[in-house]
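Novice: Structure, please.
(chains A and B)
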Amino acid sequence: DGGITQSPKYLFRKEGQNVTLSCEQNLNHDAMYWYRQDPGQGLRLIYYSQIVNDFQKGDIAEGYSVSREKKESFPLTVTSAQKNPTAFYLCASSPLRGTETRETQYFGPGTRLLVL
Amino acid sequence: EDKVVQSPLSLVVHEGDTVTLNCSYEVTNFRSLLWYKQEKKAPTFLFMLTSSGIEKKSGRLSSILDKKELFSILNITATQTGDSAIYLCAILSGTYKYIFGTGTRLKVLA
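Specialist: Numbering: from 1, shown residues only, chains lettered A, B, ... in the order given. Okay, the predicted model is just below:
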């Protein structure tokens, strides 16, 4: 089945710890994104990548880091510098090329991060 | 600064009612407007509206885009409990940047 997978479903972080959220897609999409969603708020862009080995900061990149070594994978690391990491994290992808559907994003199921 | 504003923030209706959700925007380099439904986890795509397609309809859901007044509405007729969700509006600005509103939380009572 084609789609986007995220793991883990739930993640607990201790103070001062770095944690990594996984995002994998087999849709052959060029672009991948990471969003953070807090209660009562919409999706805020953390990082995005249009191509392998290249990525750009979004609106709230501080305290986060990413890599894009493969087209299929876009892991997000929440570092200890992120002081308020408790949120719901969504990964998305989009094709960037093709017909009208290239403008649609497809989302993974999300990872809920909690701080112990 | 680019922004997308949705209203109302939340809404409670009874089955069979008709609801209208609003999305207004101020965005540079507008490319398209997208509506998503988010029930528990991943948002699912509903509609995309562009300069060439300003009205879309799918079953009980319909949406229009007014590019002059910079807003869109999402209309749901004969609501059902399964329509209960958060509805997100997003603008695609340029090639890759999506700007999301805060969403409207809809609850449909039986």
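
Novice: which parts of chain B sit against chain A?
Specialist: When proximity is defined as CB under 8 Å from any CB of the partner chain, chain B approaches chain A at B:4, B:6, B:9, B:31-32, B:34, B:41-45, B:48, B:50, B:88, B:90, B:92, B:95-103. The way it works is simple: take the backbone N, C-alpha and C, and place the C-beta from them, glycine included.

Novice: Only the buried subset of those, as a ChimeraX command please.
Specialist: Filtering the residues of chain B next to chain A down to the buried ones (16 or more other CB atoms under 10 Å in any protein chain shown) takes a single ChimeraX command:
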select /B:4,6,31,32,34,41,42,43,48,50,88,90,92,96,97,98,99,100,101,102,103
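
Novice: From the residues of chain B next to chain A, which land in helices?
Specialist: Residues of the residues of chain B next to chain A located in helices (DSSP state H): none.

Novice: Tell me the secondary structure at the residue nearest the centre of chain A.
Specialist: In chain A, the centroid-proximal residue (CA atoms, centre = their mean) is residue A:34; its distance is 2.7 Å. Of the three states, residue A:34 takes strand under DSSP: H, G, I helix; E, B strand; the rest coil.

Novice: Show me the beta-bridge partners of it.
Specialist: Beta-bridge partners recorded for residue A:34 (DSSP bridges): residue A:47, residue A:91.

Novice: Now for it: which residues touch it?
Specialist: Counting by CB atoms under 8 Å, 6 or more residues apart in numbering or on different chains, residue A:34 touches A:21, A:23, A:45-48, A:58, A:64, A:66, A:74, A:76, A:89-92.
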